[in-house]
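> Let's see this in three dimensions:
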Amino acid sequence: MNDAKRLVSALLEQGWTLGIAESLTGGALASEVVSVPGSSGTLLGAVVAYATPVKATLLGVEESLLDEHGPVHARVAEQMAEGVRSCVAVEGRVADVGVSTTGIAGPASPDGQPVGTVHIGVAGPFGTSSERFVFSGGRAEIREQTVQSAIALLLRSLEEYRHGNRGC
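The predicted structure follows:
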């Protein structure tokens, strides 16, 4: 079973819903989840917040944070993951889990950080955290590595929660 199938299965088993906020992956993470039969039982929706201002206006990322650090930052990823939970709320119920991707896929870096720098955020009943990665390869490879790492991070967070480690 591939990781996307394992993720959907774990979310369904837990009875949890999912919201996805993407920047550099441009919908690829949502597409990977949606490719799994039964994903409609867990995925509420996804937001592609590619432009930096959309991270603030739609996902609630603090403008001062974006002004000070730019969109490729750990706390931006965390706020995106938190914000998407509300963005995809159904009948007033926020998504149980949010995940986000923000980073630089290249070919150039607009702010001096290395191409391949990515932050993935996860938010849910287990808390909120992010993880920083520096991937190598071309644009497509960086985006694919980000998708797979986001799924792996979600799986790890769910496993730790189920096994009593309440930290992300």
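> contact partners of the helix or strand harbouring Arg75?
According to DSSP states H and E, Arg75 maps onto helix 74-87. Here helix 74-87 makes contact (C-beta atoms under 8 Å, 6 or more residues apart in numbering) with 19-21, 23, 45-47, 49, 55, 58-62, 65-66, 69-70, 94-102, 119-124, 128-130, 132. For the C-beta atoms, the positions are set from N, CA and C on the backbone; glycine is no exception.
> Might you report the residue contacts of Leu11?
Going by C-beta under 8 Å, 6+ apart, the list of residues near Leu11 reads Thr17, Leu18, Thr42, Val97, Leu158.
> Which members of the residues you listed occur in strands, if any?
Leu18, Val97 (DSSP state E).
> In the longest helix seen in the chain, which residues are buried?
Ranked by residue count, the top helix of the chain under DSSP state H comes out as helix 139-162. Buried positions in helix 139-162, judged by neighbour count with 16 or more other C-beta atoms under 10 Å: 142-147, 149-151, 153-155, 157-158, 161.
> Not counting residues beside it along the chain, what's closest to Met80?
With C-beta to C-beta, 6 or more residues apart in numbering as the criterion, Met80 has its nearest non-adjacent residue at 3.5 Å, and that residue is Ser100.
> The one you found is in contact with Thr25, isn't it?
No - applying C-beta atoms under 8 Å as the test, Ser100 and Thr25 come out as separate, 9.5 Å apart.
> Among the two, which residue is more densely surrounded?
The neighbour count for Ser100 versus Thr25, taken as other C-beta atoms under 10 Å, is higher for Ser100 (32 against 28).
> Run me through the strand neighbours of whichever strand or helix holds the more buried one, direction for each.
Using DSSP H and E, Ser100 maps to strand 97-103. In the sheet, strand 97-103 lines up against strand 18-22 (parallel), strand 117-124 (antiparallel) (DSSP bridges).
> and these, which is most packed in?
A comparison of those by mean neighbour count, using mean count of other C-beta atoms under 10 Å, puts strand 18-22 on top with a mean of 29.
> just how off-centre is whichever helix or strand comes after that strand within its chain?
Using DSSP H and E, the helix or strand that follows strand 18-22 towards the C-terminus is helix 28-34. Here the centre of helix 28-34 is set off from its chain's centre by 11 Å, with C-alpha atoms, centre = their mean, to the nearest Å.
> And stretch 115-127, by the same measure?
6 Å.
> Now stretch 108-117 - C-alpha only, CSV.
Output of stretch 108-117 as CSV, limited to C-alpha atoms (Å, rounded to 0.1, in the frame of the first residue of the first chain):
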residue,chain,number,x,y,z
ALA,A,108,15.7,30.7,-8.9
SER,A,109,15.3,31.9,-5.3
PRO,A,110,13.6,35.2,-4.8
ASP,A,111,14.8,35.7,-1.3
GLY,A,112,18.2,34.1,-1.1
GLN,A,113,17.3,30.9,0.5
PRO,A,114,18.5,27.8,-1.3
VAL,A,115,16.3,26.4,-4.0
GLY,A,116,14.8,23.3,-2.5
THR,A,117,14.1,24.9,0.9
